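1. Below is the sequence, then the predicted model.
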Amino acid sequence: MTIPLHFNAFVMNTNSHIHHGQWRRPDAGQVDFDDVRVWIDLAKKLEEAKFDALFFADVTGVYGDADADFDVYIREGLQIPSNDPIPLVAALAVHTERIGLALTSNVAQSHPYQFARQVSTLDHISKGRIAWNIVTGLQDNGARNFGYPRLTDHTERYAWADEYVDVAYKLWEGSWDEGALLKDRERGLYSDPTKIHKINHVSERYSVQGPHLPSPSPQRTPVLYQAGSSASGRAFAAKHAEATFIIAPNPALAKELIDDTRRQAVEAGRRPEDIKFFQGLSFVIGDTEEEAWAKAAEYEKYVSIDGYLAHSALVDRTGRAYDPDTPLKDVETNTAKGFGEWVSKAITDREPLVRDVALLISRSTRIVGTPEQIADALVEWQDAGVDGINVINWVIPGSFVEFADHVLPVLRDRGLAQREYGTGTTLREQLFGAPRLNERHPAANYRGAFAVADAGTAEGAGEAVEASEGSVDVALAPGASR
Ligand SMILES: Cc1cc2nc3c(=O)[nH]c(=O)nc-3n(C[C@H](O)[C@H](O)[C@H](O)COP(=O)(O)O)c2cc1C
């Protein structure tokens with residue numbers, strides 16, 4: 001039986017996100033990304049086409065050499081200027097009903113207590129359509145903007161992410177028990193004080209007393225994305241991710257990563273199907289193959305290799321960017337290891353170079369052809385274990401409109417794309433059939449955990465509230481007055 005693929009529109013609140021140079025095309029609406037209407041119009045078009053989510057990437061600084069000038073980034077509008085996706089997601093939630101809204105936030109950029117509150121607020125506003133792309137950063141400048149001397153060591157970054165999500169899980173899943181929110185006007189009980197708990201989290205980086213300020217949102221925990229593909233990245237994904245965003249050079253290498261990550265997920269007590277894999281791909285579509293390749297040649301005219309090289313800048317441990325012709329085997333980087341690993345596996349007939357990482361992002365994620373040929377290629381990715389596609393754009397909204405108008409109808413006819421959104425209203429129901437994280441996810445361990453802890457001290461803090469039919473008798477702590 002053919003299973004529909006999921007489709008996300010992969011974007012960033014900036015001028016030049018992935019396909020650098022394309023902003024110079026006359027139809028490149030991303031040039032005016034500061035205008036919220038660019039995004040509202042896009043979100044509505046994507047929702048009409050039944051995309052699963054609008055997925056915002058984000059960074060906390062500029063790429064490349066820590067102390068070099070940033071001229072190329074500034075000339076290209078390469079993720080600078082860029083705006084914060086979180087306020088934008090709030091605006092889009094108000095103008096849409098069903099499409100998921102995924103935001104990227106780095107563990108170094110905001111304290112988990114504040115971030116957990118922002119996400120719960122967004123999940124309330126959107127009625128449960130928020131996803132979080134958990135990233136640990138890949139820019140020295142991005143770290144220095146938050147007071148760190150440079151990017152934290154690669155392995156240590158994932159340990160940091162582990163600690164960060166632990167605080168967030170406690171707040172999202174454990175601080176408020178089910179049924180804590182009452183809104184009982186007659187008895188003057190907005191919430192039940194014995195069902196809301198401090199989390200008293202203390203760990204190496206964080207000390208968070210709690211409780212979580214927002215009441216439980218429809219999903220409580222946002223859908224959890226992750227995009228690292230190194231050994232540490234896969235281990236983190238196996239434990240925490242519900243969806244992993246990959247950019248494999250070909251289906252065979254994608255299968256290798258997917259099988260390995262799913263194997264590790266099972267070892268962590270989860271099921272293989274608990275994680276969905278989304279491959280990043282861009283498309284050049286033509287009614288005929290010739291037309292498609294003619295369009296590809298047109299796009300090539302705008303390609304900025306400087307932009308791709310700058311974006312994929314592999315820097316050494318001192319923050320110095322490698323020369324593009326450096327053999328990858330000589331690269332010792334603390335930033336994104338996975339990209340280099342992909343390229344080294346994909347290029348076997350010659351020495352893989354740093355410049356090949358740039359080409360990985362620009363070429364190997366591209367499918368050129370007719371809608372039928374694109375559908376055939378997507379079946380190959382699905383056969384490799386891919387559950388969804390993050391559609392990378394050349395121009396906004398054109399790339400997505402073209403895909404929706406020409407490719408999605410062919411995919412629907414083959415059962416490879418949904419015609420309607422599924423039952424339920426939350427993003428997690430769309431992906432997994434239920435609004436809440438399943439019991440096998442580590443965050444689920446915190447459900448009720450603090451109620452047990454508090455029950456152990458109930459004598460000192462006031463008896464448990466006996467919620468009975470029609471009335472709630474609130475026993476007060478000794479000495480407290482009504
Ligand atoms: C398709 C894709 C999209 C990514 N988007 C972001 C992003 O928006 N922000 C970010 O800081 N890192 C982003 N990353 C980087 C990853 O979060 C991760 O840091 C990087 O892949 C290195 O992880 P690894 O060394 O485990 O492979 C992305 C990576 C991939 C493959």
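-> Looks like it arrived, so ask away. Residues are numbered from 1 along each chain as shown.
2. now the strands: where do they sit in the stretch 51-200 of the chain?
-> Here the stretch 51-200 of the chain has its strands, by DSSP state E, counting those that start in this stretch, at 53-57, 100-106, 130-135, 181-184, 189-191.
3. So which elements touch the fourth one?
-> In other words, strand 181-184. Packing partners of strand 181-184 (3 or more C-beta pairs under 8 Å, 6 or more residues apart in numbering; DSSP states H and E): strand 189-191. Any C-beta I mention is one placed from the backbone N, CA and C, and that applies to glycine too.
4. quick one: average confidence on the strand it packs on?
-> Computed over strand 189-191, the mean pLDDT rounds to 98.
5. Neighbouring strands of that strand in the sheet, and parallel or not?
-> Using DSSP bridges, the strands paired with strand 189-191 are strand 181-184 (antiparallel).
6. After the longest strand anywhere in the chain, heading C-terminal, what element do we hit next?
-> Longest strand in the chain, counting residues (DSSP state E): strand 276-285. With elements assigned by DSSP states H and E, the helix or strand that comes after strand 276-285 is helix 289-302.
7. Taking the stretch 301-450 of the chain, what residue is nearest to the ligand?
-> For the stretch 301-450 of the chain, the residue closest to the ligand is residue 338, as judged by C-beta to the nearest ligand atom, at 2.2 Å.
8. Could I get the pLDDT score of that residue?
-> 74.
9. ok, now residue 448?
-> For residue 448, pLDDT reads 95.
10. My guess is it contacts residue 176. True?
-> No - assessed by C-beta atoms under 8 Å, residue 448 is found out of contact with residue 176, at 10.6 Å.
11. Can you pick out the residue with more neighbours from the two?
-> A direct count of neighbours by other C-beta atoms under 10 Å for residue 448 and residue 176 places residue 176 higher, at 26 against 16.
12. Just confirm the more buried one contacts residue 211, I think it does.
-> Yes - using C-beta under 8 Å, residue 176 is in contact with residue 211, at 7.1 Å.
13. what's the overlap in contacts for those two?
-> Jointly contacting residue 176 and residue 211 under the rule C-beta atoms under 8 Å, 6 or more residues apart in numbering are 196-197.
14. what number of residues lie near the residue lying closest to residue 151 once chain neighbours are set aside?
-> Once flanking residues are discounted, residue 151 sits nearest to residue 143: 4.6 Å by C-beta to C-beta, 6 or more residues apart in numbering. Here the number of neighbours of residue 143 (other C-beta under 10 Å) works out to 23.
15. what about the residue of the stretch 51-200 of the chain found nearest the ligand, how many neighbours?
-> Closest residue of the stretch 51-200 of the chain to the ligand, C-beta to the nearest ligand atom: residue 57 (3.0 Å). Burial measure for residue 57: 23 neighbouring residues, criterion other C-beta under 10 Å.
16. And for residue 149?
-> 10.
17. that's a strand at residue 424, yeah?
-> No - judged by DSSP: H, G, I helix; E, B strand; the rest coil, residue 424 forms no part of a strand; its state is coil.
18. ok, back up a step: I'd assumed residue 138 was in contact with the residue of the stretch 51-200 of the chain closest to the ligand.
-> No - contact status for residue 57 versus residue 138: not in contact, 11.3 Å apart, counting by C-beta under 8 Å.
19. No more questions from me, cheers.
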